[in-house]
Structures are given as structure tokens and as C-alpha cells.
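# Pasting the sequence and the predicted coordinates here, then a few questions.
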Amino acid sequence: QAMSSKLAAWTGGRWMVSVAEAPAEPTITETKRAAERAAIEEASAHPLVAAALKAFPGARITSLRDMSEEAPAEPEEEDDYGDDWSPVDPFAG
């Protein structure tokens, strides 16, 4: 009852709390951290990463980026000549 009251006061919603006999599932945070650790272990096993970690004692992986997505296209450079510019000088001669 005390837990339900505190949750209601904090969130403004009605809560029902019960005790379960079965073991609890991992929390969202625990699941996320386990996935991050697994991804870092997988990255560490890559030959290039393993070589870099060996070459720099004390180095560690602190974050990962998903490189499987295609990189965004680089914007085309704009010029000051407009669409009708030609490298040929019509007045040369």
C-alpha cells in the first residue's frame, strides 16, 4: 500500500503493486547494459580492433556507433557561376 501511494503521488497515476513468487526479469537498464557489454566484447574480437587495443596498452572501447547504416551523402559544393557556366572562353582568341 505504501509503495502504491508513493507511486501515485510521484506520477499522478494509480498503481497496483503485488509480490511475485517467480524471479524478476532484468530491468530495462540491466538489459541495455548487458547488450552494450556484449557489443563491446564483439567489437573487441574484431582483428583490427584487437590489434589497436594491443598496440595501445590501457586503451579501451568507450562507445560504439552503428556503421551498418549508409552514411549520409555529402552536399554538393555550390559554385558562383550558375548552370550556364562553361570552361571555354568565347572571347579568347
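Okay, I see it.

# longest single helix anywhere in this protein?
Assignment by DSSP state H gives helix 28-45 as the longest helix of the chain.

# helices or strands up against whichever helix or strand comes after that helix?
Of the helices and strands lying after helix 28-45 in sequence (DSSP states H and E), the nearest is helix 47-55. The contact analysis (3 or more CB pairs under 8 Å, 6 or more residues apart in numbering; DSSP states H and E) places helix 47-55 against helix 28-45. Quick note: C-beta positions are derived from backbone N, CA and C, even for glycine.

# and the longest helix of the chain, average pLDDT?
Per-residue pLDDT over helix 28-45 has a mean of 94.

# List the buried residues for that helix?
Using 16 or more other CB atoms under 10 Å as the test for burial, helix 28-45 gives Ile40.

# Report all helices and strands that that helix contacts.
helix 47-55.

# Check which residues of the helix it packs on are buried.
So helix 47-55, judged by 16+ other CB under 10 Å, has buried residues Leu53.

# what comes into contact with the longest helix of the chain?
Contacts to helix 28-45, defined as CB atoms under 8 Å, 6 or more residues apart in numbering, come from residues Pro26, Val49, Ala50, Leu53, Ile61, Leu64.
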